[in-house]
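Asks: with the input below, show me the fold.
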Amino acid sequence: MKTKIGIGHSNQTDSFLAGKEAASRAVKHGNIDRADFALIFCGGKHNPKQFLNGVNQVIPDCEKAGGTSFGVISDTFIGYDGFEVGVTVFSSDKVKFAVFSQGGLNVDEAKAGEELGKKIQQADIPDPRGLMVFYDSSKQQNPPMLNFATPLFASLEPYLPSGISCVGGGFLADMMLSECYQIVNDHVYTQNVIAILISGECVMESTILHGCFPCSDYLTVTKSEGPMVMEIDGMPAIQKIQELLGGPEVIDVKDFAMNVTLGVNRGEKYGEFKENEFANRLTLAVDEEHNALIMFEPDLVIGTEVQLMRRNLEPDYVGKAIQEEMKKIANLNPIFSFYINCGGRARPFAGVDFEDGEQVRQALGSIPLSGFYSGVEVAQVGGVLQPLDWTGVLCFLAEK
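Replies: Okay, here's the model as predicted:
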């Protein structure tokens with residue numbers, strides 16, 4: 001049987017009706033009479049249990065995975081007001097999906113990653129081709145704290161099948177780090193990490209859309225503590241960045257959050273710039289009392305060399321990057337694309353006058369697209385799984 005994929009959305013404010021409408025649209029869109037697996041995402045303003053109940057009215061016996069999203073993306077819809085939901089339904093004899101889940105993320109990210117990896121390894125599923133990993137970005141709201149992807153994926157990676165293509169994303173309900181939820185079949189969890197192992201007669205490829213370029217020489221972190229970068233090149237971090245950006249008369253420290261980005265080059269230090277060899281770190285907040293930048297991840301330790309990054313304000317970079325990726329799978333049959341996009345790249349927050357999700361949609365043409373807006377994105381950089389900030393991760397699923 002030829003693989004069928006149906007994609008549906010809804011932005012109704014009633015959670016049950018939104019889930020039911022999106023699932024119904026997906027089934028109709030894909031002309032699906034047997035639902036084998038579904039990716040489901042609901043905005044942070046929805047009740048996830050009621051949303052799941054609505055989905056189950058349409059595809060009750062289908063295996064499902066997903067959770068809270070900052071917004072949803074499809075080939076017909078983009079939205080991030082909090083009530084958007086998205087459902088993607090698969091029906092296939094060639095492509096298989098297996099879902100794994102592990103709790104306790106807020107207690108110990110590394111332990112959660114290790115336990116999840118063991119479950120995947122012990123399942124011993126034949127022909128593993130790709131892996132999607134989703135987790136709760138928010139650890140708590142008061143005071144705001146994040147679950148870190150760095151220890152999570154570092155402990156998960158050793159258990160994964162050799163050479164497997166892997167992408168991931170951190171669920172985000174809103175910019176206030178409100179509680180997130182993860183959905184696995186008929187259950188709703190929080191503080192979980194879930195993995196979807198894709199296997200069978202298929203290939204999964206991915207590409208990174210940073211849209212950032214270095215705009216400084218290499219700088220060295222000289223003092224840090226967890227996610228706080230306190231000194232750069234021996235200077236208070238805030239003062240160093242402000243100096244690089246032209247001084248206090250040019251930029252206010254209060255504008256650093258969600259704007260100042262530091263890049264770590266995982267490739268040749270002074271070689272040609274390659275976007276997919278950079279791991280970018282976005283500033284979450286500033287601690288003016290300690291002159292520190294508070295980053296989304298804790299891996300900018302003492303001795304780390306970084307570069308200040310500037311954002312590409314031209315929309316055409318998206319299409320060019322996707323065209324290059326399409327060349328890699330030109331001899332295959334792409335049947336589906338999935339976009340994990342940073343919530344900060346949505347147009348109201350990005351500081352650009354274009355919607356990058358719309359550029360992705362146009363570049364893909366007739367290839368079905370779905371995805372969600374995330375808190376953190378994860379992809380392989382320099383051969384290692386890396387959390388990424390202010391990044392889009394686009395993956396393709398192709399039948400052999």
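Asks: show me where the stretch 301-400 of the chain has its strands.
Replies: Assigned by DSSP state E, counting those that start in this stretch, the strands in the stretch 301-400 of the chain fall at 305-311, 333-342, 369-374, 376-381, 384-388, 392-399.
Asks: okay, the ones you listed in TSV with mean pLDDT, mean neighbour count and distance to L146 next?
Replies: Glycine gets a C-beta too; all of them are placed from N, C-alpha and C. Rendered in TSV, the data for these read as follows (pLDDT from 0 to 100; neighbours: other Cβ atoms under 10 Å; distance: least, Cβ to Cβ, whole Å):
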stretch	mean pLDDT	mean neighbour count	distance to L146
strand 305-311	95	19	19
strand 333-342	94	23	14
strand 369-374	97	28	12
strand 376-381	94	24	8
strand 384-388	93	22	10
strand 392-399	93	23	18
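Asks: any chance of JSON lines for those, columns distance to Q121?
Replies: Listed next are the strands of the stretch 301-400 of the chain as JSON lines, based on distance: least, Cβ to Cβ, whole Å:
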{"stretch": "strand 305-311", "distance to Q121": "34"}
{"stretch": "strand 333-342", "distance to Q121": "24"}
{"stretch": "strand 369-374", "distance to Q121": "26"}
{"stretch": "strand 376-381", "distance to Q121": "18"}
{"stretch": "strand 384-388", "distance to Q121": "16"}
{"stretch": "strand 392-399", "distance to Q121": "22"}
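Asks: those: which one's closest to G54?
Replies: strand 369-374 (17.6 Å; Cβ to Cβ).
Asks: and D93, how close does it get to K254?
Replies: Using Cβ to Cβ, to the nearest Å, D93 is found at 55 Å from K254.
Asks: can you tell me the SS state at V286?
Replies: strand (DSSP: H, G, I helix; E, B strand; the rest coil).
Asks: now the closest residue to it other than its chain neighbours: phi and psi?
Replies: Nearest residue to V286, sequence neighbours excluded (Cβ to Cβ, 6 or more residues apart in numbering): F256, at 5.0 Å. The phi and psi values for F256, taken as degrees, to the nearest 10, are phi -70, psi -40.
Asks: give me the number of residues near F256?
Replies: 21 (other Cβ atoms under 10 Å).
Asks: that one contacts I238, correct?
Replies: Yes: here F256 reaches I238: they are 7.3 Å apart, a contact under Cβ atoms under 8 Å.
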